[in-house]
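> have a look; sequence and predicted model below, questions after that.
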Amino acid sequence: MEDRNQTKYDKAMVNRLARATGHLKMVKQMVEDGRDCSEVLIQLAAVKSAVNGAGKEVLKQYMEECVEEELEFQDKEGLGKLKKGIDSFIK
């Protein structure tokens, strides 16, 4: 049984997070430069989309790697962590 605390994320996940980081840095620079509000909002939407996409991928990976095992072994603590993570992500 693989340790669930040692999830291995693929390069695509790293790229998603790099894209979100780049968008967020751009927002900061735009605000510092006094750019138009509509441009800043568009860039913030890109940040939100990139972060949500990364979150969805983490959730899918968790479900593929852990949920079946947690159900099989009736791991209530693991399922509780999943519920808490989903609640936090959806807020």
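Sure, I can see it. Since we're looking at a predicted model, the values are computed, not measured.

> what helices or strands is the lowest-mean-pLDDT helix or strand in the chain leaning on?
Taking mean pLDDT, DSSP states H and E as the measure, helix 68-72 is the helix or strand of the chain with the lowest mean score, a mean of 77. For helix 68-72, the helices and strands in contact under the criterion 3 or more CB pairs under 8 Å, 6 or more residues apart in numbering; DSSP states H and E are helix 76-90. No exception for glycine: its C-beta is placed from N, CA and C like everyone else's.

> which of the residues in the helix it packs on are buried?
When neighbours are counted by 16 or more other CB atoms under 10 Å, the buried residues of helix 76-90 are found to be Gly78, Leu82.

> by contact count, what packs against it?
In terms of contact count using 3+ CB pairs under 8 Å, 6+ apart, helix 76-90 is assigned the packing partners helix 37-62, helix 68-72.

> pretty sure Leu24 contacts Lys48?
No - using CB atoms under 8 Å, Leu24 is not in contact with Lys48, being 10.0 Å away.

> ok, the two, which is more surrounded?
Residue environment comparison for Leu24 versus Lys48 gives the larger neighbour count to Leu24, 16 against 12, counting by other CB atoms under 10 Å.
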